[in-house]
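J.: sequence and predicted structure below; questions after.
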Amino acid sequence: MIPSLREPRPFALRPVTVVKYVLLPTILLCLFLITLAMPNRSTMSNNSEFQSSKEDLHARLTPEQYRVTQEKGTEIAFTGKYWNHHEDGTYTCVVCGEELFTSEEKFDSGCGWPSFYAAANEKVVETETDTSHGMVRDEITCHKCGAHLGHVFPDGPRPTGLRYCVNSASLDFKPTKPNHKKTED
Ligand SMILES: [Zn+2]
């Protein structure tokens, strides 16, 4: 029996096959690449909420605040706003407003920078080893915006034994509202 000449060869590239296995995947791949190339607006605004607005930071921070928080500068000892500050209240990040320290944990270290034996809570301040200037120190930064705050040293008072040595230029201060006025009988 003679095999039918009409029988299609197994690997013949028929038009349907070409569309199904070549064109469609190519189109899908192109669409995928275009999607990748497009900037994702929501991601951008989240990641660069504080980072991308350098101009904005320059406009609303003093040159000293910018140098300290964005360029890891250090203010000269005994020159800052808060090293000798004793009001009750909360010290916030000058860049993003996060509550970083409270007057409860502030103590007089005598070093010329505002010093705290603990942060307002464990999450708000991040610690990273800093080997600049020929020293090994633990740099502290704002958890929320990454602003440089200062360094933490293991020579603080009880109960933590830590000394968070912070630049005044990294901080703002919110005084505690006098809700509970003491009455004298
Ligand atoms: Zn911050």
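T.: Good, I have the coordinates.
J.: quick one: contacts for the closest residue to residue 54 other than its chain neighbours?
T.: In space, residue 54 comes closest to residue 70 once its chain neighbours are excluded; the distance is 7.8 Å by C-beta to C-beta, 6 or more residues apart in numbering. Using the backbone N, CA and C atoms, a C-beta is placed for each residue, glycine as well. Contacts of residue 70 were listed using C-beta atoms under 8 Å, 6 or more residues apart in numbering, and they are 54, 57, 147, 148.
J.: who's in contact with stretch 71-91?
T.: Contacts of stretch 71-91 (C-beta under 8 Å, 6+ apart): 64, 67-68, 99-103, 106, 111-116, 120, 130, 132, 139, 148, 150, 166-169, 171-176.
J.: which stretches in the chain count as helices?
T.: Assigned by DSSP state H, the helices in the chain fall at 15-18, 24-37, 41-47, 54-60, 63-71.
J.: between the ones you listed, which has the poorest average model confidence?
T.: Among the helices of the chain, helix 41-47 carries the lowest mean pLDDT, at a mean of 37.
J.: so what's the residue lying closest to residue 62 once chain neighbours are set aside scoring on pLDDT?
T.: Using C-beta to C-beta, 6+ apart and skipping the chain neighbours, the partner closest in space to residue 62 is residue 169 (7.5 Å). Note on residue 169: pLDDT of 98.
J.: can you report how many residues neighbour residue 169?
T.: Neighbour count for residue 169, taken as other C-beta atoms under 10 Å: 27.
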